[in-house]
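Q: Everything below, folded, please.
(4 chains)
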There are 4 protein chains.
Amino acid sequence: MVTLCSKTTPMEKNLAAKKIVDKMMAEDRFSQWLGIEVLLAEEGHCMLKMKIREEMVNGFGIAHGGIAFSFADSALAFASNAYGRLSVALECSISFAIAVNVHDELTCEATQLSLTNKTGTYHIEISNQKKEKVAFFKGTVYRTSKNW
Amino acid sequence: MVTLCSKTTPMEKNLAAKKIVDKMMAEDRFSQWLGIEVLLAEEGHCMLKMKIREEMVNGFGIAHGGIAFSFADSALAFASNAYGRLSVALECSISFAIAVNVHDELTCEATQLSLTNKTGTYHIEISNQKKEKVAFFKGTVYRTSKNW
Amino acid sequence: MVTLCSKTTPMEKNLAAKKIVDKMMAEDRFSQWLGIEVLLAEEGHCMLKMKIREEMVNGFGIAHGGIAFSFADSALAFASNAYGRLSVALECSISFAIAVNVHDELTCEATQLSLTNKTGTYHIEISNQKKEKVAFFKGTVYRTSKNW
Amino acid sequence: MVTLCSKTTPMEKNLAAKKIVDKMMAEDRFSQWLGIEVLLAEEGHCMLKMKIREEMVNGFGIAHGGIAFSFADSALAFASNAYGRLSVALECSISFAIAVNVHDELTCEATQLSLTNKTGTYHIEISNQKKEKVAFFKGTVYRTSKNW
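A: Now for the predicted structure:
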């Protein structure tokens, strides 16, 4: 279909989303320390991966709960900011299902549950290399009026 | 009051609690990376401090949400394990009130809301050097039958 | 594959699950007041429906937040107890996406995120008659050693 | 102290807060069904009481989890709307510590954790007649630009 008006095409949207997430990631020193790689980033959706290192363990010798949370929180930021509106986390919760061990390779996927003018809510699942779901995250962002 | 039986005194309890938390902290490489210092640790209660470094920022140039979460999650682990029963986080939530900046000096305090044979619930507040409350955390642990 | 031992078949499991949920519902006077109908109940999964009445509104003239929560909380109880192990909610969270109005017809579906010997975590989505998702619920239960 | 300018005095603020909560309560048919009584209502703070009736039980013969949640959710609405800005719940979580029984007399108190121009976060504790804490609630509201 040919459109003469200046609507943004899906491909342009995805490029814009990717550009924003690349920019965020370039300045996000903690996500870099975590070793996060962006597998996919589009409006309201993203997939990330990372690997658990020895310096990420807690007093039990397994990954600190803050590591899984941080991984999901980066996914929340990328999926929600990909729309181009600067969005900040208000409230997040995480359920820990299975222990994460050193050398585990984690992936996570952020799925948008709802989006209004002012807020967005996302569900994020974290899996290990055995395809086991290790943690479940729900996060709500406030969408400011500032643009990227 | 003189007791001839072998009851644990409050001072002995606090020493045992401190010993457990010291041991946890000695092996908790991520809490070490965060620069966490234990100000006080006793059964069901602890106070910690840490300082925000440049490698802890996210794509907005402020502290990554995972940093505040991790700080509170360590407090949850210390306060709940100080009883001597190995306790693991089941479900945690955090509300972000005020942005945390590089060089901020954070303190947090874990307060026990409830304790049953199988679970414990804790409220943790994080403050900055201006005494502003920056985040509020609620966490529930499962108390295993294993001892430290 | 032929098995000579007395394993429970899937059909027997579903009948047992349905029997437990029927029994729970028969004694659950608040779910009855809400007008909840069980559309489907099996181990770790259920679907319910209900209709919003005028006596369910809050001071804004829309459904009180406690109504959507209660609806999801019943789904959590049914899905988790359907295994035959008495299970009680430890911690639940709900995100409100869209206002629920009088006369709305709600459905909800509980999906199991994880199940261990001691705990289970469920994601529950509530939809209205326009197929809009109005609320998202995450709940964790403690699985006691008592059987139904 | 005599002030010539038209500043609102604390007493005027409390009267305005009480007027809003009275109006909310007058139209809040579900809080009426619950039998909620407002003990105190001021900006960012309120105390309520209610009594558990037989029609509030679940399939275990104890109070349905939705009852405690609803009680706290009303407190959240009253405490946050008392400022005069129409405020709606975004995300709430509840931890269940002790079972609530028929004939229990519950009180709850909402305390403000934080308040910004756009959001407010509240901690709400529910106690029974034995002064036991039965549940802990954390809720975040979005503060609209509409006034009561």
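
Q: list the contacts for A:Val21?
A: A:38, A:41, A:46, A:78, A:81-82 (C-beta atoms under 8 Å, 6 or more residues apart in numbering or on different chains). Bear in mind the C-beta positions are built from the backbone N, C-alpha and C, glycine included.

Q: can you pull the buried residues of the helix or strand where it lies?
A: Using DSSP states H and E, the element containing A:Val21 is helix A:10-27. Buried residues in helix A:10-27, counted by 16 or more other C-beta atoms under 10 Å in any protein chain shown: A:16-18, A:20-21, A:24-25.

Q: how about that helix as CSV, C-alpha atoms only?
A: This file holds the C-alpha atoms of helix A:10-27, laid out as CSV (Å, rounded to 0.1, in the frame of the first residue of the first chain):
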residue,chain,number,x,y,z
PRO,A,10,6.8,-0.4,11.4
MET,A,11,10.4,-0.7,10.2
GLU,A,12,11.1,3.0,11.0
LYS,A,13,9.6,2.5,14.5
ASN,A,14,11.8,-0.5,15.1
LEU,A,15,14.9,1.4,13.9
ALA,A,16,14.0,4.3,16.2
ALA,A,17,13.5,1.9,19.1
LYS,A,18,16.8,0.1,18.5
LYS,A,19,18.6,3.5,18.3
ILE,A,20,17.2,4.5,21.7
VAL,A,21,18.1,1.2,23.4
ASP,A,22,21.6,1.3,21.8
LYS,A,23,22.0,4.8,23.3
MET,A,24,20.7,3.8,26.7
MET,A,25,23.0,0.7,26.7
ALA,A,26,26.0,2.8,25.7
GLU,A,27,25.6,4.9,28.8
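
Q: I'd like the mean pLDDT over stretch A:115-135, please.
A: Mean per-residue pLDDT for stretch A:115-135: 97.

Q: How far off centre is that stretch?
A: Mean-position distance between stretch A:115-135 and its chain equals 8 Å (C-alpha atoms, centre = their mean, to the nearest Å).

Q: How about stretch A:120-136?
A: For stretch A:120-136, the distance to the chain centre is 11 Å (C-alpha atoms, centre = their mean).

Q: Could you do stretch A:12-30 as well?
A: The chain centre lies 11 Å from the centre of stretch A:12-30; the measure is C-alpha atoms, centre = their mean.

Q: and that stretch, average pLDDT?
A: So the average pLDDT for stretch A:12-30 ends up being 94.

Q: For the spatially most central residue of chain A, which non-adjacent residue is spatially closest?
A: Chain A has A:Ala75 as the residue nearest its centroid, 0.5 Å off, counting by C-alpha atoms, centre = their mean. Nearest residue to A:Ala75 in three dimensions, chain neighbours excluded: A:Ala110, at 4.1 Å (C-beta to C-beta, 6 or more residues apart in numbering or on different chains).

Q: Likewise for A:Thr107?
A: Nearest non-adjacent residue to A:Thr107 (C-beta to C-beta, 6+ apart): A:Lys49, at 4.7 Å.

Q: Can you report phi and psi for that neighbour?
A: Dihedral pair for A:Lys49: phi -140, psi 160, per degrees, to the nearest 10.

Q: For it, give me its contacts.
A: A:Lys49 neighbours (C-beta under 8 Å, 6+ apart): A:36-37, A:39, A:105-108.

Q: Could you save those residues as JSON lines and add columns showing secondary structure?
A: JSON lines is the format used below for these (DSSP: H, G, I helix; E, B strand; the rest coil):
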{"residue": "A:Ile36", "secondary structure": "coil"}
{"residue": "A:Glu37", "secondary structure": "strand"}
{"residue": "A:Leu39", "secondary structure": "strand"}
{"residue": "A:Glu105", "secondary structure": "strand"}
{"residue": "A:Leu106", "secondary structure": "strand"}
{"residue": "A:Thr107", "secondary structure": "strand"}
{"residue": "A:Cys108", "secondary structure": "strand"}
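
Q: and those, which are buried?
A: Counted by 16+ other C-beta under 10 Å, the contacts of A:Lys49 give A:36, A:106-108 as buried.

Q: Quick one: name the residues of chain A near chain B.
A: Applying C-beta under 8 Å from any C-beta of the partner chain, we find that chain A lies next to chain B at A:23-31, A:33, A:54-61, A:63-67, A:69-71, A:73-74, A:77, A:81, A:86, A:88-96.

Q: let's go with 6 Å and repeat that
A: A:24, A:27-30, A:33, A:55-59, A:64-66, A:69-70, A:73, A:89, A:91-96 (C-beta under 6 Å from any C-beta of the partner chain).

Q: Just checking: what are the partner strands of the helix or strand in which A:Phe136 is found?
A: Using DSSP H and E, A:Phe136 sits within strand A:133-147. Paired with strand A:133-147 in the same sheet, following DSSP bridges, are strand A:85-96 (antiparallel), strand A:119-127 (antiparallel).

Q: if you average pLDDT over the longest one, what comes out?
A: Here strand A:85-96 scores 97 as its mean pLDDT.

Q: what's the angle from that strand to helix A:10-27?
A: With axes from the mean of the first three to the mean of the last three C-alpha atoms, to 10 degrees applied, the angle from strand A:85-96 to helix A:10-27 works out at 70 degrees.

Q: what about dumping the CA coordinates of strand A:85-96 to PDB?
A: C-alpha atoms of strand A:85-96 as PDB (Å, rounded to 0.1, in the frame of the first residue of the first chain):
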ATOM      1  CA  ARG A  85       9.000   8.800  25.800                       C
ATOM      2  CA  LEU A  86      11.300   8.900  28.800                       C
ATOM      3  CA  SER A  87       9.900   6.400  31.200                       C
ATOM      4  CA  VAL A  88      10.900   5.600  34.800                       C
ATOM      5  CA  ALA A  89      10.100   2.600  37.000                       C
ATOM      6  CA  LEU A  90       7.700   3.300  39.800                       C
ATOM      7  CA  GLU A  91       7.100  -0.100  41.400                       C
ATOM      8  CA  CYS A  92       8.600  -3.500  40.600                       C
ATOM      9  CA  SER A  93       8.100  -6.900  42.100                       C
ATOM     10  CA  ILE A  94      10.000 -10.200  41.600                       C
ATOM     11  CA  SER A  95       9.300 -13.800  42.500                       C
ATOM     12  CA  PHE A  96      12.300 -16.100  42.800                       C
END
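
Q: Contacts for that strand, please.
A: A:69, A:80-81, A:135-144, A:146, B:65, B:89, B:91-96, C:93, C:121, C:140, D:91, D:140 (C-beta atoms under 6 Å, 6 or more residues apart in numbering or on different chains).

Q: need the residues of chain A near chain D, please.
A: Residues of chain A found near chain D (C-beta under 6 Å from any C-beta) are A:90-91, A:140.

Q: Include distance to D:Thr116 when you put the residues you listed into TSV, please.
A: Putting the residues of chain A next to chain D into TSV (distance: C-beta to C-beta, whole Å) gives the following:
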residue	distance to D:Thr116
A:Leu90	10
A:Glu91	13
A:Thr140	15
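
Q: Can you tell me which of those lies closest to C:Asn101?
A: Proximity of the residues of chain A next to chain D to C:Asn101 (C-beta to C-beta) peaks at A:Thr140, which lies at 21.9 Å.

Q: quick one: contacts for that closest one?
A: A:90-91, A:119, A:121, C:95, D:90-91.

Q: give the contact list for A:Ser70.
A: B:Gly66.

Q: If you could redo that for A:Thr116, that was the one I meant.
A: Per C-beta under 6 Å, 6+ apart, neighbours of A:Thr116: none.

Q: follow-up on the earlier one: could the strands paired with strand A:133-147 be laid out in TSV, adding mean neighbour count and distance to D:Pro10?
A: Listed next are these as TSV, based on neighbours: other C-beta atoms under 10 Å in any protein chain shown; distance: least, C-beta to C-beta, whole Å:
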stretch	mean neighbour count	distance to D:Pro10
strand A:85-96	23	30
strand A:119-127	23	33
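
Q: what about these, which gets the closest to C:Ile126?
A: Per C-beta to C-beta, nearest to C:Ile126 of the strands paired with strand A:133-147: strand A:119-127, 12.8 Å.
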